[in-house]
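Student: My questions concern the predicted model and sequence given below.
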Amino acid sequence: LAKTTQPISMDSYEGQEVNITCSHNNIATNDYITWYQQFPSQGPRFIIQGYKTKVTNEVASLFIPADRKSSTLSLPRVSLSDTAVYYCLGTGGGNKLTFGTGTQLKVEL
Amino acid sequence: EAQVTQNPRYLITVTGKKLTVTCSQNMNHEYMSWYRQDPGLGLRQIYYSMNVEVTDKGDVPEGYKVSRKEKRNFPLILESPSPNQTSLYFCASSTGPKGAQYFGPGTRLLVL
């Protein structure tokens, strides 16, 4: 199972693009990288998932380089409502899931 | 509406008094799991289930039990709760460990 490392916190302003990087040095061949968003006192919500290169949906983009030892979640033009904790999760290998401590993103005016 | 429900949402109990937190999903998901969330420690998986009658330990299983007698239900049992089990608990379900996890609203437990 991939162990992931993320920055503890990040600050941004409304309208800016935010990039959160996750390190997963021991990622397995069949690992997917999945990102979740969590607001206070709510369960995490799935944002995006990828295996390699780039994945984009209506909410975010996910960039995974060729060596797959890291990934970057990109949030375009953030707003106050994007203030949340973001988790990078490695899946694959065993059936157990380890979320880690996440990145607290704070967006200000 | 596709959802994961948990009950109760809030619970205050005393040390040693057995309790059960229920979890139910209506998406016909095979994979279900329980997490606890504590300040500074993120989400930690307690137990997971790959399907009916198939359960396994997560990262922090001590002091907890689970059962999976039906596909839609996955109750979490604390047979003798202790104060260090005071936490916010989440149930989740998905098609599998690689799939998007759908989380319930959470159960806030206080053990005195």
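Tutor: That came in fine, so what should we check first?
Student: count of neighbours near residue A:90?
Tutor: A count of nearby residues for residue A:90, using other Cβ atoms under 10 Å in any protein chain shown, gives 23. Backbone N, C-alpha and C define where each C-beta goes, glycine included.
Student: Remind me what the helix or strand containing it packs against, helices and strands.
Tutor: Of the helices and strands defined by DSSP states H and E, residue A:90 is found in strand A:84-91. Strand A:84-91 sits against strand A:18-23, strand A:32-38, strand A:70-75, strand A:103-108, with contacts defined as 3 or more Cβ pairs under 8 Å, 6 or more residues apart in numbering or on different chains; DSSP states H and E.
Student: With respect to burial, which of these scores highest?
Tutor: Highest mean neighbour count among the helices and strands packed on strand A:84-91 (mean count of other Cβ atoms under 10 Å in any protein chain shown): strand A:32-38, with a mean of 23.
Student: Tell me the helix or strand right after that one.
Tutor: Proceeding N to C from strand A:32-38, the next assigned helix or strand is strand A:45-50, under DSSP H and E.
Student: residues touching the residue of chain B found nearest chain A, list them.
Tutor: Of all residues in chain B, residue B:103 sits closest to chain A, at 2.7 Å by Cβ to the nearest Cβ. Listed by Cβ atoms under 8 Å, 6 or more residues apart in numbering or on different chains, the contact set of residue B:103 reads A:42, A:43, A:44, A:45, B:4, B:90, B:91, B:92.
Student: returning to what we had before: mean confidence score for the strand holding residue A:90?
Tutor: With pLDDT averaged residue by residue, strand A:84-91 scores 88.
Student: And stretch A:55-70, by the same measure?
Tutor: Averaged over stretch A:55-70, pLDDT sits at 93.
Student: Quick test: name the residue nearest the centre of chain B.
Tutor: The C-alpha lying nearest the average C-alpha coordinate of chain B belongs to residue B:34 (Cα atoms, centre = their mean; 3.0 Å).
Student: mind checking pLDDT for it?
Tutor: Note on residue B:34: pLDDT of 98.
Student: What sits closest to it if chain neighbours are left out?
Tutor: When the adjacent residues along the chain are set aside, residue B:34 lies closest to residue B:46, with 4.4 Å between them (Cβ to Cβ, 6 or more residues apart in numbering or on different chains).
Student: One more: residue A:69?
Tutor: Nearest non-adjacent residue to residue A:69, counting by Cβ to Cβ, 6+ apart: residue A:25, 5.2 Å away.
Student: circling back: show me which of the contacts of residue B:103 are buried.
Tutor: Applying a neighbour-count criterion of 16 or more other Cβ atoms under 10 Å in any protein chain shown, the buried members of the contacts of residue B:103 are A:43, A:44, A:45, B:4, B:90, B:91, B:92.
Student: now, the most widely separated pair of the residues you listed?
Tutor: The largest distance within the buried ones among the contacts of residue B:103, taken as Cβ to Cβ, falls between A:45 and B:91 and amounts to 14.4 Å.
Student: and residue A:58, how many neighbours does it have?
Tutor: Using other Cβ under 10 Å, residue A:58 has 5 other residues around it.
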